[in-house]
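Chemist: I need the structure of the sequence given here:
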Amino acid sequence: MKRALRLPRARTEDLVIREMDDETLVYDLLRDEAHCLNTTAASVWRLCDGQATASQAARSLQAKLGRPIDTDFVWLAVKQLKRFHLVLDTEKLPSVSRRALVLRYAPAALALLPVIVSITSPRPAQAASCGMPCGLYGSCPAGCTCNFGTNTCV
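Modeler: The predicted structure is shown next:
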């Protein structure tokens, strides 16, 4: 009998996590990245304990969301979580196509698809970049000087 592939473990260290109504915000302190996980992606992430199988996770999600969920939805979410470094131990992941899921379950699938939106925070040196107009705030940021010819901080 073929052994069921288990979900990876969720990464929890060096993260700041805020639960909202329909989304979970995760800030990665190591990578200076912020991620917004929709309900489906966040639910799969919480189920990633290194022990649960995709079938178990799919049944749990189906009970929570009240909609049919199969293992492909779970693996698609895990694939995205891996891309944003939110899960560990991800050597063996089955291949899943978002396009195939949308075609198979459209239009109902669009609301259920796991979605992660991510932004990268600027490093401190980038955040303090010059280039703003000198007169905008009355002076340039620390370390910058005003080029009066272009009226720009340099």
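
Chemist: If residue 23 is in a bridge, with which residues?
Modeler: Residues in a beta bridge with residue 23, per DSSP bridges, are residue 38.

Chemist: Can you get me a residue count around it?
Modeler: 18 (other C-beta atoms under 10 Å). C-beta here means a position set from N, CA and C on the backbone, and glycine is covered the same way.

Chemist: Show me the domain layout of the protein.
Modeler: Per automatic domain parsing, the domain ranges recorded for the chain read 9-121, 124-154.

Chemist: Out of those, which gets the lowest mean score?
Modeler: The minimum mean pLDDT among these belongs to domain 124-154 (a mean of 56).

Chemist: Give me the spatial nearest neighbour of residue 37, chain neighbours excluded.
Modeler: residue 24 (4.5 Å; C-beta to C-beta, 6 or more residues apart in numbering).

Chemist: Helices of this structure, residue ranges please.
Modeler: 39-47, 54-65, 71-83, 98-105, 109-112, 124-127 (DSSP state H).

Chemist: Turn these into TSV, columns for mean neighbour count.
Modeler: Below are the helices of the chain laid out as TSV (neighbours: other C-beta atoms under 10 Å):
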stretch	mean neighbour count
helix 39-47	23
helix 54-65	17
helix 71-83	22
helix 98-105	13
helix 109-112	14
helix 124-127	9
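
Chemist: Reformat those helices as a markdown table; add distance to residue 28.
Modeler: Formatted as a markdown table, these follow (distance: least, C-beta to C-beta, whole Å):
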| stretch | distance to residue 28 |
| --- | --- |
| helix 39-47 | 13 |
| helix 54-65 | 23 |
| helix 71-83 | 12 |
| helix 98-105 | 23 |
| helix 109-112 | 25 |
| helix 124-127 | 16 |
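
Chemist: so which of those helices gets nearest residue 31?
Modeler: helix 71-83 (12.0 Å; C-beta to C-beta).

Chemist: now what about the closest one, what contacts it?
Modeler: By C-beta atoms under 8 Å, 6 or more residues apart in numbering, the residues outside helix 71-83 that reach it are 7-8, 10, 40-41, 44-45, 47-48, 54-55, 57-58, 61, 87, 90, 93-94, 96, 98, 100-101, 112-116.
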